[in-house]
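Student: quick one, fold the following:
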Amino acid sequence: MRASRAADRTAAAAAVLCLALAAAGCTDGSPAGPAASDVTAADRARTRDGGTVRWAVDDIPETLNVYRPGAGADSELIARALLPSLFRMDDRGRTAPDPDYLAGAESTPSGRNPQSITYRLNPAAVWSDGSPLSAADFTAQWKALSGADPAFHSDRPAGYDAIASVSQGSGPGEVKVVLKHPYADWRALFSPLYPAARTATADAFDEPLDGDFRTSAGPFVLDAYDREGGSARLVRNPRWWGEKAKADAVEFVAVPAAERLDALARGELDIAAVTASVDRAVPGGTADAAPPDAAAMVEASVHALRRAETIPGLTLHRAPGAAFTQLTLNAARGPLADQGVRQAVAHATDRRRTAEAALVPLGLGAVPLGNHLLLAGQDGYRDNSAALGTTDAATLLDRAGWKAADGRRTKDGKPLALTLVIPEGSTTARRTADALTTDLAAVGIALTSTPVPADTFVTDRLDKGDFDLALFSWPATGYPAESRALYAKPQPGPDGQPLPGRNYGRTGTAEIDQLLDRASAELDPAVRTGLLQQADARLWQLADVVPLYRRPELVAVREGVAGAGAYGFTTPRYQDVGFRTG
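Tutor: Residues are numbered from 1 along each chain as shown. Modelled structure (predicted):
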């Protein structure tokens, strides 16, 4: 998890923005669920050599160091084509060593301490300057991200502070990592891996990785980087040892969501995520004008979706993304400080109705999400919402002293009225909010929705606790124990006041923290899954977060482009992206 408060804000801001893309669901009690990815077949025998693939991004990022504050999804998208990722993830969130980089990787089994990981590097793997990948690269990255030296300004991921030592193993192609305590998500470490020259010193680490970053160990190298002009061009890496990249070049082009459908229609792009283009479409296609009302927002979104589906020469790919939309309940103020009232809200929320309201208009399957820690399709997924218990919302409200009269709930003469903040301009959020309003009205709770600009949603509302309910999405990493920061019990800060971090519900329990800590340290997969299910059941009972549905990916791909689409959890294989022969 991210350690610094600035990092928390960066991650949460990204999560708020992805609410606008929210969709697709999970199954009840089954790991199957809807299609986990929708990617054009990557048949290398039928994909020609050559050509430039034009891939839309929101912006050309300020840095390609994904561990630096300010890095975002576009940093990650580009960096993964240039740098080693030791493990690949499939569309069910399962990991396997990438043979381009690893001949093997083994961890000591559960119960044997200390945990030791041995990486056996592919002997052909070299940086683009000709030097081999080595223990020096692992050592430098560990020290930069461990948190031991505050001079490294890092958006620090979990796990590196658990490392005790990194050393060369039995030969130059073997790296041995010893941990201070067991860490179940060790496969997430060193992916991506940077050359030691970029991480060995704080000065080097803090430099922007942009146009001067030419040391690659991926199928592509950086050829041109123009932030002002809005393009980054990657070309084949002449030292690449794996299967040759099919495309001569991949050009990432900065195109705002509001302009992507036009750019696709003009034939200027080959791959473009269009979820935000559909969700945030406005009447007349003018991004600067606020839609006049909810009906106009819906009409504009419907029109944009129809257009995305019918632009000649394109296919619209749809799949659940690696993120989930949820309802956060602020337990630090007002009626929601009462756990019984929170449980009543959770019971009253018809998660199937909200999923249908949000997703069916996008042409996606709508089933509710029943787990805080695992998404549909991931091994071990289970709907644990039954842990809320069988007491209905009306009874829970009666017990909490909120009496029903004329279809409203009151206590001490005050109505049970709550505010819901949603990201401004999102049709999906508006549809979800309308469904929630209907659900809560049925048990006498009045709900008022307030759209908030995305750039102030975190700083002015979530950070300050200025809300009763908040609707937004969190990304999912495929490593569920890393979700601990979303649910960790707030700890007192220097002034004695609790610091929520990323837990905007502002409550928690020592038991949940301990279950997640045990899951993070459990190397036996079956035992670990059991701990996650226990933690999830307790989260349902705490009722400060109600999972609703998975966010979708809607990606337009030009016909004839192979290896591209809605990836879900899947790691793109950039060397397979190219143009079919027929």
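
Student: going by C-alpha atoms from here, please, whenever you check contacts or count neighbours.
Tutor: Fine.

Student: any stretches of the stretch 351-500 of the chain with poor pLDDT?
Tutor: 481 (pLDDT under 70).

Student: so which residues of it form strands?
Tutor: 403-405, 408-411, 414-415, 417-423, 446-452, 469-475, 491-492, 498-499 (DSSP state E, counting those that start in this stretch).

Student: ranking those strands by burial, who's on top?
Tutor: Most buried of the strands of the stretch 351-500 of the chain, by mean neighbour count (mean count of other C-alpha atoms under 10 Å): strand 469-475, with a mean of 25.

Student: where's it relative to the chain centroid, distance-wise?
Tutor: The chain centroid and the centroid of strand 469-475 are separated by 12 Å under C-alpha atoms, centre = their mean, to the nearest Å.

Student: relative to strand 446-452, how tilted is that strand?
Tutor: Inter-element angle recorded for strand 469-475 and strand 446-452: 50 degrees (by axes from the mean of the first three to the mean of the last three C-alpha atoms, to 10 degrees).

Student: list the neighbouring strands of the longest strand along the chain plus their orientation.
Tutor: Using DSSP state E, we find that the single longest strand of the chain is strand 314-329. Here strand 314-329 is paired, per DSSP bridges, with strand 469-475 (antiparallel), strand 545-558 (antiparallel).

Student: picking up where we left off before, can I get the strands of the stretch 351-500 of the chain in a markdown table with distance to Ala247?
Tutor: As requested, the strands of the stretch 351-500 of the chain are arranged in a markdown table below (distance: least, C-alpha to C-alpha, whole Å):
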| stretch | distance to Ala247 |
| --- | --- |
| strand 403-405 | 66 |
| strand 408-411 | 63 |
| strand 414-415 | 63 |
| strand 417-423 | 38 |
| strand 446-452 | 42 |
| strand 469-475 | 30 |
| strand 491-492 | 51 |
| strand 498-499 | 49 |
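
Student: now for these, which one comes closest to Asp43?
Tutor: strand 469-475 (30.2 Å; C-alpha to C-alpha).

Student: could I get the CA-only coordinates of that closest one as CSV?
Tutor: What follows is strand 469-475 as a C-alpha-only set of coordinates in CSV (Å, rounded to 0.1, in the frame of the first residue of the first chain):
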residue,chain,number,x,y,z
LEU,A,469,-22.0,8.9,2.0
ALA,A,470,-19.5,9.0,-0.9
LEU,A,471,-19.7,7.1,-4.2
PHE,A,472,-16.4,6.4,-6.0
SER,A,473,-14.2,3.5,-7.2
TRP,A,474,-11.0,2.0,-5.9
PRO,A,475,-8.5,0.2,-8.2
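
Student: pLDDT below threshold where in the protein?
Tutor: If you take pLDDT under 70 as the line, the chain has these spans: 1-35, 284-292, 481.

Student: Ala224 falls within a helix, correct?
Tutor: No. The assignment for Ala224 by DSSP: H, G, I helix; E, B strand; the rest coil gives strand, which leaves it out of any helix.

Student: and it, how many neighbours?
Tutor: 17 (other C-alpha atoms under 10 Å).
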